[in-house]
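Chemist: no sequence for this one, just the structure:
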């Protein structure tokens with residue numbers, strides 16, 4: 001989450017690259033969803049143009065949230081009720097024209113502990 005120009009798509013681009021995606025990552029503002037293949041599938045959704053996502057909508061958000069994929073959502077507010085299993089919330093904000101602040105919030109203590117454990121495993 002963050003205002004226009006705060007770096008949401010840039011963060012998705014870097015995350016996808018770190019996950020092994022080699023295709024160019026572009027904002028799905030007009031297509032609403034881009035799917036990138038790699039060692040793990042990366043689903044990139046952008047709900048900026050939507051006011052809400054109902055059960056009757058053609059965009060079935062639940063289909064993008066699977067155990068074998070990482071799903072990153074820009075402007076998630078319109079689909080919050082239809083996005084199951086949200087584990088992390090990332091907030092970006094402008095500090096200056098060239099500097100951003102990022103906050104990464106875990107859904108709960110279990111998710112946060114899993115993150116800490118994974119980080120400790122990488123250090124050893």
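Modeler: The structure has been received and is ready for your questions. Everything quoted here is computed from the prediction, not taken from an experiment.

Chemist: If you average pLDDT per helix and strand, which one of the protein comes out bottom?
Modeler: When the helices and strands of the chain are scored by mean pLDDT, DSSP states H and E, helix 109-123 comes last with a mean of 73.

Chemist: And the helices in this protein, which stretches?
Modeler: 8-18, 109-123 (DSSP state H).

Chemist: Out of those helices, which is the most enclosed?
Modeler: Compared across those, helix 8-18 shows the largest average neighbour count, a mean of 17 (mean count of other CB atoms under 10 Å). For glycine as for every other residue, the C-beta is placed from the backbone atoms N, C-alpha and C.

Chemist: tell me what that helix is packed against?
Modeler: With contacts defined as 3 or more CB pairs under 8 Å, 6 or more residues apart in numbering; DSSP states H and E, the packing partners of helix 8-18 are strand 41-46, strand 69-74, strand 88-94.

Chemist: follow-up on the earlier one: for the least confident helix or strand of the chain, give me every contacting residue.
Modeler: 87-88, 106 (CB atoms under 8 Å, 6 or more residues apart in numbering).

Chemist: circling back: which one of the helices of the chain lies closest to residue 100?
Modeler: The closest of those to residue 100 is helix 8-18. By CB to CB, the value is 8.9 Å.

Chemist: for the record, mean pLDDT for the closest one?
Modeler: Mean per-residue pLDDT for helix 8-18: 86.

Chemist: for stretch 60-69, same thing?
Modeler: The average pLDDT within stretch 60-69 is 78.

Chemist: For that stretch, measure first residue to last.
Modeler: Stretch 60-69 has its terminal residues 15 Å apart, counting by CA to CA, to the nearest Å.

Chemist: which residue is nearest the centroid of the chain?
Modeler: With distances taken as CA atoms, centre = their mean, residue 72 lies nearest the centre of the chain, 1.9 Å away.

Chemist: For stretch 62-72, which residues meet the burial criterion?
Modeler: Using 16 or more other CB atoms under 10 Å as the test for burial, stretch 62-72 gives 64-65, 70-72.

Chemist: Thanks a lot, see you next time.
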